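>>> Fold the following for me, if possible:
(2 chains)
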2 protein chains.
Amino acid sequence: MSEGSKNILLKIQYDGTNFHGWQKQVDVRTVQGEVEHVLRFIAGYEVPINGTSRTDTGVHALGQCCSFTWDNPLPTDKLADIMNRRFGAGGLGRSGLPGDIKVISAHEVPEDFHARFSCHGKTYKYIIDRSGDIFERNHVYQFGLELDHEAMRKAAKLAVGTHDFASFQTSGGIPRETTVRTITDITIIQEGDRTIIKVTGDGFLYNMVRILVGTLLEIGTGKREASDMEAIIASTDRSKAGFTAPPEGLYLEEIYFDDGFKCGGSTCTK
Amino acid sequence: MSEGSKNILLKIQYDGTNFHGWQKQVDVRTVQGEVEHVLRFIAGYEVPINGTSRTDTGVHALGQCCSFTWDNPLPTDKLADIMNRRFGAGGLGRSGLPGDIKVISAHEVPEDFHARFSCHGKTYKYIIDRSGDIFERNHVYQFGLELDHEAMRKAAKLAVGTHDFASFQTSGGIPRETTVRTITDITIIQEGDRTIIKVTGDGFLYNMVRILVGTLLEIGTGKREASDMEAIIASTDRSKAGFTAPPEGLYLEEIYFDDGFKCGGSTCTK
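Model (predicted):
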């Protein structure tokens, strides 16, 4: 980091419906692309950002985080408001974020902080909805069948812990050194017509949460036994696990960092 | 109506976000176009429908109604389920409605019933939201300013009744014989971060509810006095009224028919 430059952590919400995921790609709309577009507008030069998670097409975030360095004199506590502001077409053209992304907070962080490498855990939330409400169709998985929550909780308990989760990985992700991960908690709650599954862990393989949810749904509908979870994990074979639940029900909810930064929900407190 | 043919009333919900309004047009996605597409698939021939209201691009419906006649032997009480069913691409291709339209009910109605001409009143709902929730951005008008509900209610009272509402009409709509309409009720309520304005009347001019809401918002933010409403109506001059509130906050909520059919909300009861 050059002298005078600042390392900044942004906490971001987005509705993933109209994005081809987080990661910047040529010719398609991505969250990273939109955020970098606005930062370039403010800075006058390219400002590459590091996101904590590369969420997929259609996946949402309540507490995605990203960090970047720059030497812009703008007070960091004004940055969120400035990035969120949308100017009319009559002015200099759009300089703020579109309506489906919002910066929740911006903080200066120590020089050695990095949104990806300083992360030691995340919570994902998955929403299953039986209401059939068409206005919610992009923000929940519309799944009409009754679910046996007790069976799902039994199976979830077997998944908590440190395991080789190779059965819960879609090929095509970033190559990883190991497929061993630690899930610290899975909570399954009912809220009216909704079943909400929250999964917390130190890290997740490609599509791991969605395959875990798909497997739990097959258990919840009686297609599999809760006790099958053990053998599915032990097999380290993707074909033994359940289907990949669709992206629209998934939210990156909260990110935990080494230095005590908690970056999720509606607050970002050190 | 030919012998054996049935007159059918459908009650429909839709999320207007991705539609160019209700009315069928060439080369753009409309609600009428999608509904007729599905009916043609079921009937094997074109089934033109008559909608009660021609909602605009981005406007939603909780209780739009439409009627049509056909001689299909399908039991009418099965029609909603069949129209809502979505088949995978592996079968005959999509034959059911897309996820942003839902048929709530289907009823046989007397031969002389017509969804447009038998209508004697409608309720529209307009939602203003201060939460800034990005997930709601297509379903509410995101408006951050504080509103003086008492001033808005005073002004609303002046609009209730039978008046020439020419000041509240955008040019370009269907030519009407008269611009006199009767508003029977305007209710303004607060629900958490939301202000909800419900307007009931015998009929509405083009953009009338949105211009009425825009005018009430200018009164609620102190840009105009509540008592100005009287002069605005009396002027019969569009330029004297407020701005046209955007479509995303507007819902066609309920339709009232001459013969006692009530077609809105989540029920459709005779």
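>>> which stretches of the stretch 1-150 of chain A form helices?
A:31-43, A:76-84, A:149-159 (DSSP state H, counting those that start in this stretch).
>>> List the buried residues in the first one.
Put plainly, it is helix A:31-43. Within helix A:31-43, the residues scored as buried using 16 or more other C-beta atoms under 10 Å in any protein chain shown are A:Val31, A:Gln32, A:Gly33, A:Glu34, A:Val35, A:Glu36, A:Val38, A:Leu39, A:Phe41, A:Ile42. C-betas here are computed from N, CA, C, even on glycine.
>>> shouldn't the third one be in contact with A:Lys24?
Yes. Contact status for A:Gly33 versus A:Lys24: in contact at 4.6 Å, counting by C-beta atoms under 8 Å.
>>> Now do the strands in the stretch 51-200 of chain A.
A:60-70, A:101-109, A:119-129, A:141-142, A:161-164, A:180-191, A:194-201 (DSSP state E, counting those that start in this stretch).
>>> where does chain A come near chain B, residue by residue?
With C-beta under 8 Å from any C-beta of the partner chain as the criterion, chain A comes near chain B at residues A:13-15, A:60, A:99-102, A:132, A:134-135, A:137, A:139, A:142.
>>> Neighbour count and pLDDT added to these, as TSV?
Shown next, in TSV, are the residues of chain A next to chain B (neighbours: other C-beta atoms under 10 Å in any protein chain shown; pLDDT from 0 to 100):
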residue	neighbour count	pLDDT
A:Gln13	22	98
A:Tyr14	27	98
A:Asp15	24	98
A:His60	26	98
A:Gly99	16	92
A:Asp100	20	95
A:Ile101	22	96
A:Lys102	19	96
A:Gly132	14	91
A:Ile134	20	95
A:Phe135	18	97
A:Arg137	18	95
A:His139	18	97
A:Gln142	18	94
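>>> Redo the residues you listed as JSON lines? Include distance to A:Ile233.
Conversion of the residues of chain A next to chain B to JSON lines gives the following (distance: C-beta to C-beta, whole Å):
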{"residue": "A:Gln13", "distance to A:Ile233": "33"}
{"residue": "A:Tyr14", "distance to A:Ile233": "32"}
{"residue": "A:Asp15", "distance to A:Ile233": "33"}
{"residue": "A:His60", "distance to A:Ile233": "27"}
{"residue": "A:Gly99", "distance to A:Ile233": "41"}
{"residue": "A:Asp100", "distance to A:Ile233": "36"}
{"residue": "A:Ile101", "distance to A:Ile233": "36"}
{"residue": "A:Lys102", "distance to A:Ile233": "37"}
{"residue": "A:Gly132", "distance to A:Ile233": "33"}
{"residue": "A:Ile134", "distance to A:Ile233": "37"}
{"residue": "A:Phe135", "distance to A:Ile233": "37"}
{"residue": "A:Arg137", "distance to A:Ile233": "32"}
{"residue": "A:His139", "distance to A:Ile233": "30"}
{"residue": "A:Gln142", "distance to A:Ile233": "28"}
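>>> what's the spacing between A:Pro110 and A:Leu79?
18 Å (C-beta to C-beta, to the nearest Å).
>>> Sorry, wrong one. I was asking about A:Lys154.
46 Å.
>>> How about A:Thr57?
27 Å.
>>> With neighbour numbers in mind, choose between the two.
A:Leu79 (20 against 15; other C-beta atoms under 10 Å in any protein chain shown).
>>> who's in contact with that one?
A:Leu79 makes contact with A:Ile8, A:Leu10, A:Val103, A:Ala106 under the criterion C-beta atoms under 8 Å, 6 or more residues apart in numbering or on different chains.
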